[in-house]
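Undergrad: kindly generate the corresponding structure for this input.
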Amino acid sequence: MRIELSPSRAVFAALIVCALLSACGGADTPGHAAPTARSDDGEARSAPVRAYTVAPRTLDRSVLVAGTVEPLRSIQLAARTDGVVAEVAVEAGDRVRAGQRLARIDVSEQQAELARAEASLREARSNLERLDALRERRFVDAASALSARAAMEVAESDVELWRTRVAFGSIDASIDGVVIARLIEPGAAVGRLAPAFELADLDRLVLRVGVSELDAAGIRPGMAVDVANDALDGETVQAQVRRVFPAADPSSRLVTVELDLPQAHARGVRPGFLARARFAIESREGVLAVPAAAVGLGEQSFVMVIGKDGELERREVATGVVRGEWREITDGLRAGETIVATSPLDLAAGDRVRIVETVGGEA
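TA: Now for the predicted structure:
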């Protein structure tokens, strides 16, 4: 018996049949993942990455500080008496020797007083000699002779006093060095203890810099330090830590470190020049390190290790110090292994990657 359908019912039946066929043949069966996307040649697609070959590195921590070059010994000479400058024998920049006269102050009044004191001394000495002769002949008593001796000693002290005041009229160099500043001129009136000259020993230049209290513990006398000077086009001068001051500045909390600059003056370095010293505070040699960006941080740090077939392995690691763009790896990796050099947060274990650039090597 043949059943005839109306046109509307025939269309409805055809739609039902098509829907059933699509549900059975077009959908994935439960428990099966969609097929991996493949390239035109049938191979699975892989993400391009930069890779890093793990290798030992030297992770140094250094501190760069700036300071002003100074002479180790700098002395300011002052006038030791009031008066008018009669003569100045040197200019700024002249090299002088210890004991050399640099200037002279007019001490005519003191010289006159010295002459009077010397005359009084001669009189007192002559009187004492006369009384001594009379005492030997028992014409005078011993008390008179003792009084004359005391008067002579007072006269001697008076002479010594005025000789000293006359000597104060000469301003002499106290060290071998160079005249850094000349602060007096002939004809000018100066007062007692007024600055006259500044001398410096330029054969021993030093650089004094302030270092953080956190870094000062790693600095020791004798440590070699590279010092760069702008006036020498960045040329480096080899310096040495001469001393570390025993206390920090209470306001800045910085510890002063003094660096010896041997032969610096002969190379053109002058007091007042700005210099920069780089201290190697801590050196860690032969440690495994990777780019800091390659380490995923969280409850447990990890990196993505690239296998020979390009498949990724999530590897938990123990990390150490960070020096710039490098992070120390203390456990979890071996030298020679290859990891993803960029952030691993967008990658998962089992992913396949394609290395487009490999960096690394010992440094």
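
Undergrad: look up how far L146 lies from the closest residue to A151 other than its chain neighbours.
TA: Leaving aside its sequence neighbours, A151 sits nearest to A124 (C-beta to C-beta, 6 or more residues apart in numbering; 4.9 Å). No exception for glycine: its C-beta is placed from N, CA and C like everyone else's. To L146, A124 is 13 Å away according to C-beta to C-beta, to the nearest Å.

Undergrad: who has more neighbours out of the two?
TA: A124 (20 against 13; other C-beta atoms under 10 Å).

Undergrad: now do the strands in the stretch 51-200 of the chain.
TA: For the stretch 51-200 of the chain, strands defined by DSSP state E, counting those that start in this stretch occupy the ranges 55-71, 74-78, 83-88, 95-96, 101-105, 170-172, 177-182, 189-190, 195-200.

Undergrad: actually, the stretch 251-363 of the chain.
TA: Shown for the stretch 251-363 of the chain, the strands assigned by DSSP E, counting those that start in this stretch span residues 254-261, 274-291, 302-306, 312-316, 318-323, 326-331, 338-340, 353-360.

Undergrad: the longest helix seen in the chain to strand 83-88, inter-axis angle?
TA: Secondary structure of the chain per DSSP state H: the longest helix is helix 108-136. For helix 108-136 against strand 83-88, the angle by axes from the mean of the first three to the mean of the last three C-alpha atoms, to 10 degrees is 100 degrees.

Undergrad: okay, and for the stretch 201-350 of the chain, where does confidence drop off?
TA: Within the stretch 201-350 of the chain, not a single segment meets pLDDT under 70.

Undergrad: before we move on, back to that, could the strands of the stretch 251-363 of the chain go into TSV alongside distance to S62 and mean neighbour count?
TA: As requested, the strands of the stretch 251-363 of the chain are arranged in TSV below (distance: least, C-beta to C-beta, whole Å; neighbours: other C-beta atoms under 10 Å):
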stretch	distance to S62	mean neighbour count
strand 254-261	14	21
strand 274-291	5	17
strand 302-306	27	24
strand 312-316	31	16
strand 318-323	9	15
strand 326-331	14	17
strand 338-340	27	23
strand 353-360	23	14
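
Undergrad: Serialize those strands to TSV and add fields for distance to L77.
TA: TSV is the format used below for these (distance: least, C-beta to C-beta, whole Å):
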stretch	distance to L77
strand 254-261	24
strand 274-291	27
strand 302-306	67
strand 312-316	71
strand 318-323	50
strand 326-331	55
strand 338-340	68
strand 353-360	63
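
Undergrad: out of those, nearest to E136?
TA: Proximity to E136 (C-beta to C-beta) singles out strand 254-261 among the strands of the stretch 251-363 of the chain, at 68.1 Å.

Undergrad: in its sheet, which strands sit next to that closest one, and in what direction?
TA: strand 205-212 (antiparallel), strand 236-248 (antiparallel) (DSSP bridges).

Undergrad: what's downstream of the shortest one, the next helix or strand?
TA: Proceeding C-terminally, strand 205-212 gives way to helix 213-216 as the next helix or strand, assigned by DSSP states H and E.

Undergrad: show residues contacting the following helix or strand past that following helix.
TA: Using DSSP H and E, the helix or strand that directly follows helix 213-216 along the chain is strand 224-229. Contacts with strand 224-229, where a contact means C-beta atoms under 8 Å, 6 or more residues apart in numbering, come from 69, 207, 234-241, 259, 261, 269, 273-279.

Undergrad: correct me, but F302 touches L312?
TA: No - using C-beta atoms under 8 Å, F302 is not in contact with L312, being 11.0 Å away.

Undergrad: need the strands paired with strand 254-261 in CSV (columns: mean neighbour count and distance to V227).
TA: Below are those laid out as CSV (neighbours: other C-beta atoms under 10 Å; distance: least, C-beta to C-beta, whole Å):
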stretch, mean neighbour count, distance to V227
strand 205-212, 21, 6
strand 236-248, 15, 4
